[in-house]
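Trainee: Build me a model from this:
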Amino acid sequence: MTKLESAKPTRVASANKPVLGRLFFLDASGGRILSINPDGSDKKVILTGGRMPDGIAVDAEAGHIYWTNMGVPSQNDGSVERVDLDGKNRTTIIPEGGTFTPKQMHLEKESGKLYWCDREGMRVMRSNLEGSKIETLVDSSGGDARPGPDTTKWCVGITVDPERGKIYWTQKGPTKGGRGRIFRANIEIPKGETAANRRDIEVLFKDLPEPIDLELDLENRVLYWTDRGDPPRGNTVNRVSMDAKPGEATPEILVNHLMEGIGIALDLKGDRMFLTDLAGDVYTAKLDGSGKKLLLGAQGNLTGIAYAEIP
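Mentor: Predicted structure coming up:
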């Protein structure tokens, strides 16, 4: 990756057309979607009026931004919405109550699916891009009523490996409690089983401070995640081989000294990552964690972030 020395937006040639790299991120406290260049310049407020937005995904080809609204965590009023890249044509995808407290989300374009974690709902869920066919893939409640009182059952971060048919998600546990876990399972529920009793779920890591958002480098088979718990393992970005068997690998800490780290987005071609934290900061660093740089600060309580190349 070249150093971010210029205030000019990153452009990459694609099919003989210039492509503009942009970051899109959420301010939960202000209910906003914001966008900047990868060097922190040209900040724009795309949308206001979100209801504690948390997870974000961008479909650059279609010109859409998807995001989750947590709503009031104690009430069954979570939702998923979509808006054009310029903030127009705001559309409800999953109406209030279609999911309890939706958190981080993932767009799987090839299959036309949105995946998200439902925290107090204690579920991993998905739907078609227009909101039809809402499914629960994992039900971690163990029979508890929603909103779930047991934070070890709260699902937060989600990512997908479509090549091998796997989903990865986090259950963060109590605040700074050292009981966070990362799980993996097949995308599809095994035949004859249900979201509540499926037996293909693996616990990849346990006793983590408070793991939140996840990203995958599928080509190099690497899993990245943020952790907002206590140092030294918390308030960090971590990575590990996706193919390591449970209990056989030690995650590598790449970035530390975040202030309640939440969102992570990867620009694999550019050898860089982008991060948000609840203190309102947007950071960038190389994929190995070096060269950490503050792009923006004091922007509110920042949650999800996405990187996209816009034609």
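Trainee: need the next SSE after the least confident helix or strand in the chain by mean pLDDT, C-terminal direction.
Mentor: In the chain, no helix or strand scores lower on mean pLDDT, DSSP states H and E than strand 11-14, which sits at a mean of 44. Using DSSP states H and E, the next helix or strand after strand 11-14 towards the C-terminus is strand 17-27.
Trainee: That next one: partners in the sheet, and parallel or antiparallel?
Mentor: strand 11-14 (antiparallel), strand 32-36 (antiparallel), strand 302-310 (antiparallel) (DSSP bridges).
Trainee: got these as CSV, with mean neighbour count and distance to N235 columns?
Mentor: Backbone N, C-alpha and C define where each C-beta goes, glycine included. CSV is the format used below for these (neighbours: other Cβ atoms under 10 Å; distance: least, Cβ to Cβ, whole Å):
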stretch, mean neighbour count, distance to N235
strand 11-14, 10, 32
strand 32-36, 21, 22
strand 302-310, 24, 14
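Trainee: Tell me which of the ones you listed sits nearest to K166.
Mentor: Closest to K166 of the strands paired with strand 17-27 is strand 302-310 (Cβ to Cβ; 20.9 Å).
Trainee: Report the backbone C-alpha coordinates of the closest one in PDB.
Mentor: Output in PDB follows, covering the C-alpha atoms of strand 302-310 (Å, rounded to 0.1, in the frame of the first residue of the first chain):
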ATOM      1  CA  LEU A 302     -19.300   5.300  15.500                       C
ATOM      2  CA  THR A 303     -20.300   1.800  14.700                       C
ATOM      3  CA  GLY A 304     -20.300   0.000  11.400                       C
ATOM      4  CA  ILE A 305     -18.000   0.900   8.500                       C
ATOM      5  CA  ALA A 306     -17.800  -0.200   4.800                       C
ATOM      6  CA  TYR A 307     -15.300   0.400   2.000                       C
ATOM      7  CA  ALA A 308     -16.500   0.500  -1.600                       C
ATOM      8  CA  GLU A 309     -15.100   1.400  -5.000                       C
ATOM      9  CA  ILE A 310     -17.700   3.500  -6.800                       C
END
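Trainee: and it, how far from the chain's centre?
Mentor: 9 Å (Cα atoms, centre = their mean, to the nearest Å).
Trainee: same question, stretch 238-248
Mentor: With Cα atoms, centre = their mean, you get 19 Å for stretch 238-248.
Trainee: what about it, average pLDDT?
Mentor: Average pLDDT, stretch 238-248: 90.
Trainee: can you list the residues that contact it?
Mentor: For stretch 238-248, contacts defined as Cβ atoms under 8 Å, 6 or more residues apart in numbering pick out 161, 202-205, 216, 221-227, 249-254.
Trainee: before we move on, the earlier item: among the strands paired with strand 17-27, which comes closest to G55?
Mentor: strand 302-310 (4.6 Å).
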